[in-house]
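Q: sequence and computational prediction follow.
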Amino acid sequence: MKKVIAACLSAAIVFGSVSLISASAKTVKAGDADLNGKVNVVDATYIQMNAAGLREFSDAQKKVADVDNSGAVDISDATLVQKISAEQVVNDAEFQVPEDPTEPPATGPVYTEEEIEQKGSKAMNDFSVKLLKGSIKDDENTLVSPLSVMYALGMTENGADGNTLKEIENATGMPRSLMKSFLKNYPDYLVNTYDKSTKFYIANSVWYNTSESSAKISPDYIGSVKNDYDAEVFPTIFNQLALENINGWVNEKTDKMIPRILTDIDSNALMYLINAISFDAKWADPYVNEYSSGGRTFPGDVFEGTFTNSNGYTSTVDFMKSEESCYLKDDSAQGFVKKYKYGNYTFAAILPNRGVKLKDYVNSLMGERLTKILIICRPTAELFTLICQSSAFFTATS
């Protein structure tokens, strides 16, 4: 059995260029879809594009653009706006909207479902390699969860603008519109095994400070993280009880593998954004300590041995051996793929060749190169040995 548990926290104490805080309000007329203080044919065009799925609207824009109060933005609203701009219809309805809307009109490209998966997966692979390169240290074990970090950045990005937004987009390799679509769809990409022994959970939460001294959070931002990331939202005063509740949420969502993500809580913090991921599955071909045949007992797949670490030091660990059918290889490394029960998920291990330092190999990787290594499976009868610190299962916690 293997367990991979990850939790990522983004604490918002001071955002240098972030618009998740409620801004001052301004008054606009019904139909003013671009919120510029004028109702004209441009607004009618924007409404038509939104109705056709070619332009995104913030919550404030949707409210203003629904001129006929039908509960939806459609062609009827565009027609009314055209009549308003031609002064054929009297327009007395007014709305209070933020001076600086949380989510400005989308100006980027519109992606198909196929493009979202392809472009998002490529960006995720590139980001994963960059994150590993930036995290690995000499003579230390390193574990990163790129997906968890990506979700935390995505929730942060929903409230970002200016330089902060540009930096997040540069780091993730995706514009905000693509990242929201990719991460919102990500749970749909996961394979349902219909097997209760395989568990794959993704959970997001937002905890914001409600103390009198804390800034007020934009309702549009809260709505966006609920809609885009299915996030649970908890308004609370940041005190000892909040600390216990945050740690309790993480403990629950990580199947009790991460009982605590915070040791203390900053009473002046604005917000905590948290992602938790839990994957727990059984091997398709489990490792056994011993097996019996013909009334006799034989050694199994688990045995104790001496392992030489990258720094040259040795340690006694439990080894697990198996013969796998999928062999991975490039010019500087080799590895294998081992299936989980029912074969819908797999575990991949890559080991640099003798004489190639681990850090040097990681630094030579690119997202495309790693993808090619993992998708080209070479059949082999070679015997591999998997090193593990526990007897018959692999547990990783980040």
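A: That came in fine, so what should we check first? Residues are numbered from 1 along each chain as shown.
Q: now E232, nearest residue through space, not along the chain?
A: With sequence-adjacent residues excluded and distances taken as CB to CB, 6 or more residues apart in numbering, E232 is closest to S205, at 4.5 Å. (Each C-beta comes from the backbone N, C-alpha and C, glycine too.)
Q: doesn't that neighbour lie inside a strand?
A: Yes - under the criterion used here (DSSP: H, G, I helix; E, B strand; the rest coil), S205 sits inside a strand.
Q: give the contact list for it.
A: By CB atoms under 8 Å, 6 or more residues apart in numbering, the contact set of S205 is 231-234, 249, 273-274, 276.
Q: roughly how far apart are R369 and E115?
A: Noted for R369: a distance of 23 Å to E115, by CB to CB, to the nearest Å.
Q: per-domain residue ranges of the protein.
A: For the chain, the structural domains run 2-20+111-281, 25-98, 290-392, going by automatic domain parsing.
Q: now those domains as CSV including mean pLDDT?
A: Shown next, in CSV, are the domains of the chain (pLDDT from 0 to 100):
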stretch, mean pLDDT
domain 2-20+111-281, 85
domain 25-98, 79
domain 290-392, 82
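Q: ok, E56 - how many residues close by?
A: 19 (other CB atoms under 10 Å).
Q: surely it touches R176?
A: No - taking contacts as CB atoms under 8 Å, E56 lies outside contact range of R176: 9.8 Å.
Q: ok, F319 touching E304?
A: Yes - the criterion here is CB under 8 Å, and F319 meets it with E304 at 7.2 Å.
Q: quick one: which of those two has more around it?
A: A direct count of neighbours by other CB under 10 Å for F319 and E304 places F319 higher, at 16 against 9.
Q: what segments of this protein are helices?
A: Per DSSP state H, the chain carries helices over the ranges 41-51, 59-65, 75-85, 113-135, 146-157, 162-172, 176-189, 219-229, 240-253, 358-364, 367-375.
Q: tell me which of those lies nearest to S211.
A: Closest approach to S211 among the helices of the chain is made by helix 240-253 (10.2 Å; CB to CB).
Q: spatially speaking, which residue is in the middle of the chain?
A: In the chain, the residue lying closest to the centroid (CA atoms, centre = their mean) is Y151, at 2.7 Å.
Q: would you quantify the distance from the spatially closest residue to that residue that is not a sequence neighbour to M366?
A: Nearest in space to Y151, with sequence neighbours left out and distances taken as CB to CB, 6+ apart, is N275 at 3.8 Å. Between N275 and M366 the computed distance is 25 Å (CB to CB).
Q: returning to what we had before: make JSON lines out of the helices of the chain and add distance to T297.
A: What follows is the helices of the chain, written out as JSON lines (distance: least, CB to CB, whole Å):
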{"stretch": "helix 41-51", "distance to T297": "70"}
{"stretch": "helix 59-65", "distance to T297": "67"}
{"stretch": "helix 75-85", "distance to T297": "76"}
{"stretch": "helix 113-135", "distance to T297": "42"}
{"stretch": "helix 146-157", "distance to T297": "43"}
{"stretch": "helix 162-172", "distance to T297": "53"}
{"stretch": "helix 176-189", "distance to T297": "44"}
{"stretch": "helix 219-229", "distance to T297": "52"}
{"stretch": "helix 240-253", "distance to T297": "40"}
{"stretch": "helix 358-364", "distance to T297": "38"}
{"stretch": "helix 367-375", "distance to T297": "38"}
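Q: closest to Y287 out of those?
A: Of the helices of the chain, nearest to Y287 by CB to CB is helix 367-375, at 22.5 Å.
Q: and the closest one, what's buried?
A: Across helix 367-375, burial judged by 16 or more other CB atoms under 10 Å covers 367, 370-371, 373-374.
Q: bridged to the residue nearest to Y151, which residues?
A: With DSSP bridges as the criterion, N275 is bridged to C8, N204.
Q: that one contacts A203, correct?
A: Yes - the pair N275 / A203 is scored as a contact, 7.2 Å apart, by CB under 8 Å.
Q: more crowded one of the two?
A: Using other CB under 10 Å as the criterion, N275 and A203 rank with N275 on top: 28 against 20.
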